[in-house]
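Asks: Need coordinates for the following:
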Amino acid sequence: MKSRSNGSTSDPLSYAFRLLNLRGRSTKELSFRLKLKGFSTEEIESTIEYLKNRGFIDDLALARQLLDYGLNVKGYGIKGLRDFLRKRGIKEDQIRELLDDNLDEYPAALKVATRALEKNKNRPKEVQKQRIYGLLYRRGYSYDTIKRVLKELSID
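Replies: I've put the predicted structure just below:
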């Protein structure tokens with residue numbers, strides 16, 4: 001087999017396992033990383049097929065984990081979650097399937113806003129409102145959710 005430039009791993013399966021050992025990866029992410037490493041298309045396809053057949057790669061399960069992480073740890077809204085999942089190589093139909101399950105972003109938005117309000121408690125109400133609005137907007141929350149949170153926190 002050819003020698004590879006980025007390290008000593010010359011077997012695509014060994015390299016894939018090394019990557020998967022670090023964190024869960026989507027099929028797209030893993031294919032991209034194997035291609036960067038210099039493996040042929042045939043090697044990549046056979047490696048991905050092997051890993052899928054044995055349950056080492058499951059994009060839908062990974063998407064569910066990432067959804068939970070993005071919502072509960074990162075504090076993303078629906079738009080933010082959509083972008084986060086796309087960046088991690090999750091297919092659009094899987095994203096739609098997960099996000100169409102009547103996901104309520106309000107509790108997470110309220111949690112994020114409450115923390116932000118605590119950090120900005122000594123600022124004028126208008127500044128608090130601007131900062132919280134901006135934070136929630138950047139994290140991908142809808143206008144309606146942001147408006148509802150601001151009203152709940154009495155800073156609308």
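
Asks: Quickly note the distance from V149 to P124.
Replies: Using Cβ to Cβ, to the nearest Å, we find V149 at a distance of 19 Å from P124. Just so you know, the C-beta spots here come from the backbone N, C-alpha and C atoms, and that holds for glycine as well.

Asks: So for these two, which sits in the more crowded spot?
Replies: V149 (26 against 9; other Cβ atoms under 10 Å).

Asks: Now do the helix or strand in which that one is found, average pLDDT.
Replies: Secondary structure from DSSP states H and E places V149 in helix 143-152. Mean per-residue pLDDT for helix 143-152: 95.

Asks: residues making contact with it?
Replies: Residues outside helix 143-152 that contact it (Cβ atoms under 8 Å, 6 or more residues apart in numbering) are 77, 105-106, 109-110, 113, 129, 132-133, 136-137, 141, 156.

Asks: Assign K111 to helix, strand or coil.
Replies: Under DSSP: H, G, I helix; E, B strand; the rest coil, the three-state class of K111 is helix.

Asks: re the thing from before, could you dump the contacts of helix 143-152 into a markdown table with distance to L66, neighbour count and secondary structure added?
Replies: Converted to a markdown table, the contacts of helix 143-152 look like this (distance: Cβ to Cβ, whole Å; neighbours: other Cβ atoms under 10 Å; DSSP: H, G, I helix; E, B strand; the rest coil):
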| residue | distance to L66 | neighbour count | secondary structure |
| --- | --- | --- | --- |
| G77 | 15 | 24 | coil |
| E105 | 16 | 26 | coil |
| Y106 | 20 | 15 | helix |
| A109 | 19 | 26 | helix |
| L110 | 22 | 16 | helix |
| A113 | 23 | 25 | helix |
| K129 | 31 | 17 | helix |
| I132 | 25 | 24 | helix |
| Y133 | 26 | 20 | helix |
| L136 | 20 | 27 | helix |
| Y137 | 21 | 15 | helix |
| Y141 | 18 | 27 | coil |
| D156 | 32 | 13 | coil |
